[in-house]
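Peer 1: Here you go, sequence then predicted model.
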2 protein chains.
Amino acid sequence: MPRIIPGLFYLFLCSMSASNYSYSKLLDFATTIFKSIGCSQPHAERAAKALLAADLRGIDSHGIARLSGYVRLWEVKRVNATPQIKILHETPSTAVMDGDSGLGLIVAQEAMRVAIQKAKTVGTGWVSVQHSNHFGIAGYHAMLALEHDMIGIAMTNASPLVAPTFSIDKMLGTNPIAVAAPAGKEPPFVADLATTTAANGKLEILQRKNLPTPSGWVQDENGNDSTDAHILKKGGALLPLGGDREHGSHKGYALGAIVDLFSALLSGANYAPWVPPFPAYVPMPPQQPGKGIGHFLGAIRVDAFRTTEEYKKDMDHWISGFRNAKPIQGQQAVLVPGDPERIASEERLKNGIPVHQDVVKDLHSLAEKFSIAF
Amino acid sequence: MPRIIPGLFYLFLCSMSASNYSYSKLLDFATTIFKSIGCSQPHAERAAKALLAADLRGIDSHGIARLSGYVRLWEVKRVNATPQIKILHETPSTAVMDGDSGLGLIVAQEAMRVAIQKAKTVGTGWVSVQHSNHFGIAGYHAMLALEHDMIGIAMTNASPLVAPTFSIDKMLGTNPIAVAAPAGKEPPFVADLATTTAANGKLEILQRKNLPTPSGWVQDENGNDSTDAHILKKGGALLPLGGDREHGSHKGYALGAIVDLFSALLSGANYAPWVPPFPAYVPMPPQQPGKGIGHFLGAIRVDAFRTTEEYKKDMDHWISGFRNAKPIQGQQAVLVPGDPERIASEERLKNGIPVHQDVVKDLHSLAEKFSIAF
């Protein structure tokens, strides 16, 4: 695959066999579904907004396409629709939160609220979460800090799909790291990255199209490089960012491990291969050492370091410096982290969100199940 | 290059044309040199220990080989041997530190001391540093937290050698991230990684041997993939971790950018292409927006989250789980971040540190300059 605009290329792949739905229609539908499984009105609204943020930002794998997955987790009693979220232990700048098996979409927002509150008081706030479920896209939770002129950080561990360097065992999830930093006149800096060469969602898109993966994304059951997008079902694994040792896969592995330590070793959640799987039909790993899956949320008050004015002036200068860096001839302009997702958001708010026909079917089934309209 | 034990392979390359010196001899020599440029006895000892930690841990590019580089920076008055290091602003969990142009080797340790103190009081401590110089290996500073049963974090920005995805301009340094986490019976987890496919030190080793780089490490002046280890002198650039967009270079770029934001945008240090170069003969970039180079140091008290006992039990379980993960047939055992450096330390403490003949010459010149023995 040549060096084209990969984000847009994937959006294009996604949009094949898809129909467009307005953001507000999908948001209302997701809210209704979350209420149908027993969520309170505010919880349902908050969960739907976090879920739809993925669709808006062009990360189709993590949005409305997963709605039925969350419902199935509730059906097998792995998701609690009325969680008693509570703080188990805290200091002025830290807390451990028990998500009580709630939707990660809600639990992570509650954890970020606590982190922001602590940052207001002592400069920074850090909340490690146990006993939670998948929280959607990390970037959404990190971005909650922006309106407070804070830098937001969000991480989560996830079910094991990734083999560490030199291994054939799947020991880590795609364990994303998101950092959102406010700017002045420029839009904020928003990095949101799986610590693998490619996120599982990218793989799923290629699976639907029966296209091969580039080399360096996955390995087969024996640890050989593979280009089979279906290899995870055949004992294969996703590769850490870097792909192989020569290209720094030990760094991607270390980054995924750091996410696991912050999210689970600090909170008492499950870690490494014991993290509960997202698909409800996959049995829970035996002898789990912790509770649920783990997240880590942080908030850093900018003016706990410098005046917000000085920081924002430099941040605007930083951002415009990168955006105006000299591009490679024949390629696109240099992007700042968050640019592709912001562009997708603007476009999709205006023109609607493309929903794959398989997902549309899924949403119709959900509507039928709960006797509501889609 | 096949999948061999790359760390050991590089150590082997380094050890060609090298003589072995004992750790204590090199430590004494470095201490004497730092005193010769005017450092106090405690500062000289602390700087030498941080510098030699690189040699011990097998990161030869950042150790005694750089001693003459620090001296040259002092000669051109870019390094202040008697800095008045001070806190410019602070909250209970944060501080901004002015390194007063001191050796980063010392300034970063002072910043970590403050971070640890704050973590004792409010759970975590975070210090962003301006007006500093190169601090050696990030891992050393992160590891200072370990004896306090804290997780240590260290980052620094560095002179621009790295082109962001789609660009030919060198906008970022190799901007490393280090995270050191204590364990119980197991040795600690210590990740220390440049946010590029390969650190500049790896490139320097290939330059000395006139060997090509693997693909994905560097690009030429036009942004084409290159295998020329000397390409940086010809307008080329190091590539962010991932190598190209298809393999996630936008993630390596984002990680390097995050290090820059934490180290410089929060502190008022220089950022992006304005970070001062390490070689004293390279002129300072014009119109610098900040002061010196920037670091970011963090300390997280484990028991601000869980009891240290619970955490350490899980950490030992985590580490042994990874170390016992099934290896790819014919390859080495799975490593935990920090393993190769710990093994190198043990071996080099016993058998001495191999110093390349060019570096030996350099040390003899230094000894002559200050009329001391080597």
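Peer 2: Arrived safely.
Peer 1: Kindly report the residues of the stretch 51-200 of chain A close to chain B.
Peer 2: Neighbours of chain B within the stretch 51-200 of chain A, by C-beta under 8 Å from any C-beta of the partner chain: A:89, A:91-94, A:96, A:121-124, A:126, A:128, A:151, A:163-169, A:171, A:177, A:179, A:181, A:189, A:191, A:193-198. Any C-beta I mention is one placed from the backbone N, CA and C, and that applies to glycine too.
Peer 1: Helices of chain A, start to end?
Peer 2: In chain A, the helices defined using DSSP state H lie at A:6-15, A:23-36, A:41-56, A:67-75, A:104-122, A:138-143, A:200-209, A:249-260, A:308-323, A:339-351, A:357-369.
Peer 1: if we can go back for a sec, which members of the residues of the stretch 51-200 of chain A next to chain B are classed as buried?
Peer 2: With burial judged by 16 or more other C-beta atoms under 10 Å in any protein chain shown, the buried subset of these is A:89, A:91-94, A:96, A:122-124, A:126, A:128, A:151, A:163-169, A:171, A:177, A:179, A:181, A:189, A:191, A:193-198.
Peer 1: what's the pLDDT at the residue lying closest to A:Met143 once chain neighbours are set aside?
Peer 2: With sequence-adjacent residues excluded and distances taken as C-beta to C-beta, 6 or more residues apart in numbering or on different chains, A:Met143 is closest to A:Ala180, at 4.5 Å. The model reports A:Ala180 with a pLDDT of 99.
Peer 1: what are the bridge partners for A:Ala180, then?
Peer 2: Counting by DSSP bridges, A:Ala180 is bridged to A:Gly152, A:Val190.
Peer 1: Just give the number of residues close to it.
Peer 2: Other residues near A:Ala180 come to 25 when the count uses other C-beta atoms under 10 Å in any protein chain shown.
Peer 1: In contact with A:Val275, which residues?
Peer 2: A:157-160, A:173, A:264, A:269, A:285, A:293-294 (C-beta atoms under 8 Å, 6 or more residues apart in numbering or on different chains).
Peer 1: Lowest-confidence entry in those residues?
Peer 2: Least confident of the contacts of A:Val275 in the model: A:Pro285, at 92.
Peer 1: State the number of residues packed around that one.
Peer 2: What A:Pro285 shows, counting by other C-beta under 10 Å, is a neighbour count of 16.
Peer 1: What's the separation between it and A:Val218?
Peer 2: From A:Pro285 over to A:Val218 the distance is 21 Å, taken as C-beta to C-beta, to the nearest Å.
Peer 1: Show me which helix or strand of chain A is least confident by mean pLDDT.
Peer 2: For chain A, using mean pLDDT, DSSP states H and E, the weakest element among its helices and strands is helix A:6-15, scoring a mean of 52.
Peer 1: Just send the helices of chain A back as JSON lines, with distance to B:Ala53 too.
Peer 2: What follows is the helices of chain A, written out as JSON lines (distance: least, C-beta to C-beta, whole Å):
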{"stretch": "helix A:6-15", "distance to B:Ala53": "40"}
{"stretch": "helix A:23-36", "distance to B:Ala53": "52"}
{"stretch": "helix A:41-56", "distance to B:Ala53": "43"}
{"stretch": "helix A:67-75", "distance to B:Ala53": "47"}
{"stretch": "helix A:104-122", "distance to B:Ala53": "32"}
{"stretch": "helix A:138-143", "distance to B:Ala53": "33"}
{"stretch": "helix A:200-209", "distance to B:Ala53": "38"}
{"stretch": "helix A:249-260", "distance to B:Ala53": "18"}
{"stretch": "helix A:308-323", "distance to B:Ala53": "31"}
{"stretch": "helix A:339-351", "distance to B:Ala53": "39"}
{"stretch": "helix A:357-369", "distance to B:Ala53": "53"}
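Peer 1: right, and those - which one's nearest B:Asp339?
Peer 2: For B:Asp339, the closest of these is helix A:249-260, at 10.1 Å, according to C-beta to C-beta.
Peer 1: ok, and does that closest one reach over to chain B?
Peer 2: Yes. Using C-beta under 8 Å from any C-beta, we find that helix A:249-260 touches chain B at A:250-255, A:257-258, A:260.
Peer 1: Skip the chain neighbours and tell me the closest residue to A:Phe84.
Peer 2: That one is not Phe; residue A:84 is Gln. Here the residue nearest A:Gln84, using C-beta to C-beta, 6+ apart, is A:Asp100, at 5.0 Å.
Peer 1: what number of residues lie near that neighbour?
Peer 2: Residues near A:Asp100, counting by other C-beta under 10 Å, number 17.
Peer 1: pretty sure it contacts A:Asn80?
Peer 2: Yes. Using C-beta atoms under 8 Å, A:Asp100 is in contact with A:Asn80, at 5.8 Å.
Peer 1: Sort out which residues of stretch A:183-193 are buried, please.
Peer 2: In stretch A:183-193, counting by 16+ other C-beta under 10 Å, buried: A:183, A:186, A:188-193.
Peer 1: Put together JSON lines for the residues you listed, with pLDDT and distance to A:Gln357 on each row.
Peer 2: JSON lines is the format used below for the buried residues of stretch A:183-193 (pLDDT from 0 to 100; distance: C-beta to C-beta, whole Å):
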{"residue": "A:Ala183", "pLDDT": "98", "distance to A:Gln357": "39"}
{"residue": "A:Glu186", "pLDDT": "98", "distance to A:Gln357": "38"}
{"residue": "A:Pro188", "pLDDT": "98", "distance to A:Gln357": "34"}
{"residue": "A:Phe189", "pLDDT": "98", "distance to A:Gln357": "35"}
{"residue": "A:Val190", "pLDDT": "98", "distance to A:Gln357": "30"}
{"residue": "A:Ala191", "pLDDT": "98", "distance to A:Gln357": "32"}
{"residue": "A:Asp192", "pLDDT": "98", "distance to A:Gln357": "27"}
{"residue": "A:Leu193", "pLDDT": "97", "distance to A:Gln357": "29"}
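Peer 1: out of those residues, who's nearest A:Ile64?
Peer 2: Comparing these against A:Ile64 with C-beta to C-beta places A:Asp192 closest, at 18.1 Å.
Peer 1: Contacts only, for the nearest residue to the closest one once chain neighbours are set aside.
Peer 2: Nearest residue to A:Asp192, sequence neighbours excluded (C-beta to C-beta, 6+ apart): A:Gly139, at 3.4 Å. A:Gly139 sits next to A:53, A:57, A:154, A:178, A:180, A:190-192, A:338, A:341 when contact means C-beta under 8 Å, 6+ apart.
Peer 1: Swap in 7 Å and give it another go.
Peer 2: Going by C-beta atoms under 7 Å, 6 or more residues apart in numbering or on different chains, A:Gly139 touches A:57, A:178, A:180, A:190, A:192.
Peer 1: Check A:Leu161 too.
Peer 2: A:170, A:173-174, A:200, A:232, A:237-238.
Peer 1: likewise A:Thr197?
Peer 2: Counting by C-beta under 7 Å, 6+ apart, A:Thr197 has contacts A:216-217, A:239, A:241, A:243, B:242, B:247-248.
Peer 1: try 6 Å this time
Peer 2: Contacts for A:Thr197 were tallied using C-beta atoms under 6 Å, 6 or more residues apart in numbering or on different chains; they are A:216-217, A:239, A:241, A:243, B:247-248.
Peer 1: again, but for A:Thr91
Peer 2: By C-beta under 6 Å, 6+ apart, the contact list for A:Thr91 reads B:123, B:304.
Peer 1: Bridged to it, which residues?
Peer 2: Going by DSSP bridges, A:Thr91 forms beta bridges with A:Thr94.
Peer 1: Is stretch A:220-233 positioned near chain B?
Peer 2: Yes. Using C-beta under 6 Å from any C-beta of the partner chain, stretch A:220-233 reaches chain B at A:Gly223.
Peer 1: Repeat that for stretch A:333-352.
Peer 2: Yes. Stretch A:333-352 lies within reach of chain B by C-beta under 6 Å from any C-beta, at A:334, A:337.
Peer 1: List the buried residues in that stretch.
Peer 2: Buried, per 16+ other C-beta under 10 Å, within stretch A:333-352: A:334-345, A:348, A:352.
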